[in-house]
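Trainee: Quick one, fold the following:
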Amino acid sequence: MTKKEFLSSVSHGQEDILQQFLDLLQGMKLDYCVIGGLAVNAYVEPVVSLDLDIVIVAEAMDKLMEAAGKIFRIERFARSVNLGTQKSDLRIQLQVDPRYQLFISRASVKDVMGYPMKVAAMEDVLQGKIWAASDEQRRKSKRQKDLADIFRLVEAYPGLKDLLPKSLKAQVSE
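Mentor: Now for the predicted structure:
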């Protein structure tokens, strides 16, 4: 079983919505980068995630939503715009926090579950996970997953520990 087939299987994919979304971005010539758990998977041993967290150039959001609305169901939240379909459990979550915009210029193409995608630089992925783990408005279970992703990155790349805030350094050292 390939990585793509595995992701399709766990997401109950009747269609490859991830490829459809990547094709949409490429067809519209939109710059982007993957952040979040699937980005972590590009750097360390992968774990299953049904969320594709991604950031696109802010100026293109309205244009993308118009085109995506023909393929996906769109849900708007305070911090993200989520794209989905009944044909897959995979959730595409477009991050709207402006802090992530700088990540796009430092991203490079990596393999993510069998898909070549632009992925945020490892240090940027770590920073995004630090922001998410520190966000008291997020559910505790989500913050715990973010902490686990931080630990996975730091275990694989110990030099990243120097980039952690003091409170997280203490937890990683335990």
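Trainee: rest of the way, CA atoms for contacts and neighbours
Mentor: Fine.
Trainee: Low-confidence ranges, this structure, go.
Mentor: 173-174 (pLDDT under 70).
Trainee: Spatially central residue for it, please.
Mentor: residue 53 (2.7 Å; Cα atoms, centre = their mean).
Trainee: residues in contact with that one?
Mentor: By Cα atoms under 8 Å, 6 or more residues apart in numbering, the contact list for residue 53 reads 34, 35, 36, 37, 38, 92, 93, 94, 95.
Trainee: partners of it in the sheet?
Mentor: Using DSSP bridges, the bridge partners assigned to residue 53 are residue 35, residue 93.
Trainee: who does the helix or strand where residue 126 lies touch, helix- and strand-wise?
Mentor: Taking DSSP states H and E as the definition, residue 126 sits inside helix 122-134. Packing contacts for helix 122-134, counted by 3 or more Cα pairs under 8 Å, 6 or more residues apart in numbering; DSSP states H and E, involve helix 37-41, helix 140-156.
Trainee: buried ones in the last one?
Mentor: So that's helix 140-156. 143, 146, 147, 148, 149, 150, 151, 152, 153, 154 (16 or more other Cα atoms under 10 Å).
Trainee: Just want the angle from it to helix 122-134.
Mentor: Inter-element angle recorded for helix 140-156 and helix 122-134: 150 degrees (by axes from the mean of the first three to the mean of the last three Cα atoms, to 10 degrees).
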